[in-house]
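In: what shape does this take:
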Amino acid sequence: MKSLPATLAVVAALASTTCAHWTYDRIIVNDQVIGEPWQYVRHHSNGNNFLSDVTSTDMRCNIDGLLSGVNTSTYPVNAGDRLGFTIKDTFGHPGPQQVYISKAPADVKDYDGSGDWSKIYTLSDCRAKDCGTGDGVVKWATYRAQTFNFKLPAELPAGEYLLRAEGIAIHAAQKIKGAQFYVACAQIRVSSNGTGVPGPTIKFPGGYTANSTGILIPQIWSQITNYTSPGPKLWPEGTEEAHVLDGKVKQSD
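Out: Predicted coordinates:
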């Protein structure tokens, strides 16, 4: 059998890699996919490509994501609702999925994400019986996910917020700027009687460094036996990482 010409081999390799990339284009509310792509998620100009510079303001809502708020609708939700994101293409690399939230000082359409961010969700390694973890090597609950759900904290005060999805691919994270970040922000308006104070908080940029735990990993990804996600502790206090994907969505009528 003849081998592919060099040019075709490169194209095939790039296509395979690109298919493993993803972005987030719609939100899920109480298991229902809401609206059209980019209707409630800020449309960035980075396609399904990744970010690698944690010192950039692009880490907030991706490239040009800070400019598109005015063209993005804001969806009304209640504190305590089950929210989620759809993943365009598929979560095709090893690594965690995280969600941060940041309250806008006024209209979220005008908010640049420069305020405080609290982490409310992490989906990390898989610990279900069918994960095949007997060899001690980390398996990922995120792998091949196309949707995921999480709970919006009931303690969250009323207001308008950016809801930031962050997937991290760690297959090249043994070198500086090797970790790949896939980021997008939804705009939500929260109705609530909650009086909680989200925290601990970080800022983007500033909350991560190039050698933060979970971003720079000394070992080859396929050999690590444990993993700690970057960022602050989950809020509310006592919230635990998820280790099983909740990808439930309702069928359209």
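In: tell me the strands in the stretch 51-200 of the chain, going along the chain?
Out: If you assign secondary structure with DSSP state E, counting those that start in this stretch, the strands in the stretch 51-200 of the chain sit at 75-78, 82-89, 97-103, 117-123, 147-151, 159-169, 180-191.
In: list the contacts of the fourth one.
Out: Residues external to strand 117-123 that are found in contact with it (C-beta atoms under 8 Å, 6 or more residues apart in numbering): 96-102, 141-142, 145, 148, 150-153, 164, 198-204, 207, 229, 231-235, 239, 241-243, 245. (Each C-beta comes from the backbone N, C-alpha and C, glycine too.)
In: would you put the C-alpha positions of it in PDB?
Out: Written as PDB, here are the backbone C-alpha positions of strand 117-123 (Å, rounded to 0.1, in the frame of the first residue of the first chain):
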ATOM      1  CA  TRP A 117     -14.700  35.500  38.800                       C
ATOM      2  CA  SER A 118     -15.800  32.600  41.000                       C
ATOM      3  CA  LYS A 119     -15.500  29.000  39.900                       C
ATOM      4  CA  ILE A 120     -18.800  27.100  40.300                       C
ATOM      5  CA  TYR A 121     -18.100  23.800  38.400                       C
ATOM      6  CA  THR A 122     -15.300  21.500  37.500                       C
ATOM      7  CA  LEU A 123     -15.600  18.200  35.700                       C
END
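In: any idea of the mean pLDDT in that strand?
Out: Per-residue pLDDT values over strand 117-123 give a mean of 98.
In: what angle do that strand and strand 159-169 make?
Out: Here strand 117-123 points in a direction 50 degrees away from that of strand 159-169 (axes from the mean of the first three to the mean of the last three C-alpha atoms, to 10 degrees).
In: do the second one as well
Out: If you take the same axes, to 10 degrees, strand 82-89 sits at 40 degrees to strand 159-169.
In: partners of strand 82-89, with directions?
Out: Strand 82-89 has the following sheet partners, assigned by DSSP bridges: strand 22-29 (antiparallel), strand 147-151 (antiparallel).
In: kindly reformat those as CSV containing mean pLDDT, distance to residue 115 and mean neighbour count.
Out: Written out in CSV, the entries for the strands paired with strand 82-89 read as follows (pLDDT from 0 to 100; distance: least, C-beta to C-beta, whole Å; neighbours: other C-beta atoms under 10 Å):
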stretch, mean pLDDT, distance to residue 115, mean neighbour count
strand 22-29, 98, 21, 24
strand 147-151, 98, 21, 21
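In: okay, which residue is most central for the chain?
Out: For the chain, the residue whose C-alpha lies nearest the mean C-alpha position (C-alpha atoms, centre = their mean) is residue 166; its distance is 2.2 Å.
In: residues touching that residue, list them.
Out: 97-100, 181-183.
In: got a ChimeraX select line for the buried ones in these?
Out: Listed next is the ChimeraX selection for buried residues among these, using 16 or more other C-beta atoms under 10 Å:
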select :97,98,99,100,181,182,183
